[in-house]
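[1] give me coordinates for this.
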Amino acid sequence: MKPLFQPLLHLFSPLAPLERALLGALDEALPGEAGSIFRDQVRAINHVQRSPGYREIRLYTRAHGKTTRNAGPCFPLQDDDYHLATIRFTIPGRSGSWKARFDCVKGSLFAIDVTPSPQDICRHGAIHVSKVDIANDPMMSRTAR
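    Reported below is the predicted structural model:
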């Protein structure tokens, strides 16, 4: 059962509309338990750092003024740094196409790198996803690979 106020939560999110749309598209592409872990990690994001031009987006959970790693459930794949997925997308009514690369650190979503710079489109929440590539199965541990 969804809380009554859940539709309003995006108003208090540190994520820009484009970032929420990209995370939503990746959520739809991740099957089963991977999707559930991913959603928990996204819900825990409460601090976002963006490079000038918004090309590099770093996602954090902060508690008591400090950044915490692995605040929630983690993927079984615990490599120091790995490429999770790439999404290719366009913005309806805009020319051009973009690529968003999602990376994890020790089983937690950490970064979205977008090329070319999404600075002019970061307030757009409507995207058209042309392709989602899952680069590494986050549910496979290193020993199982």
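[2] mind giving me the packing neighbours of the helix or strand bottoming out on mean pLDDT in the chain?
    Least confident element among the helices and strands of the chain, by mean pLDDT, DSSP states H and E: strand 66-68 (a mean of 81). When contacts are defined as 3 or more C-beta pairs under 8 Å, 6 or more residues apart in numbering; DSSP states H and E, strand 66-68 packs onto strand 56-63. C-beta coordinates here come from the backbone N, C-alpha and C atoms, glycine included.
[3] can you dump the C-alpha atoms of the strand it packs on in PDB for me?
    Coordinates of each C-alpha in strand 56-63 appear next as PDB, following Å, rounded to 0.1, in the frame of the first residue of the first chain:
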ATOM      1  CA  GLU A  56      29.100  13.600 -13.800                       C
ATOM      2  CA  ILE A  57      26.500  12.900 -11.200                       C
ATOM      3  CA  ARG A  58      27.500  11.300  -7.900                       C
ATOM      4  CA  LEU A  59      24.800   9.800  -5.700                       C
ATOM      5  CA  TYR A  60      25.200   9.600  -1.900                       C
ATOM      6  CA  THR A  61      23.400   8.800   1.300                       C
ATOM      7  CA  ARG A  62      24.200  11.100   4.200                       C
ATOM      8  CA  ALA A  63      23.500  10.500   7.800                       C
END
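[4] residues near K66, how many?
    Neighbour count of K66, defined by other C-beta atoms under 10 Å: 8.
[5] would you check that K131 makes contact with R88?
    Yes. With contact defined as C-beta atoms under 8 Å, K131 and R88 form a contacting pair (4.4 Å).
[6] between the two, who's got more neighbours?
    Each of K131 and R88 has its neighbours counted (other C-beta under 10 Å); R88 has more, 14 against 10.
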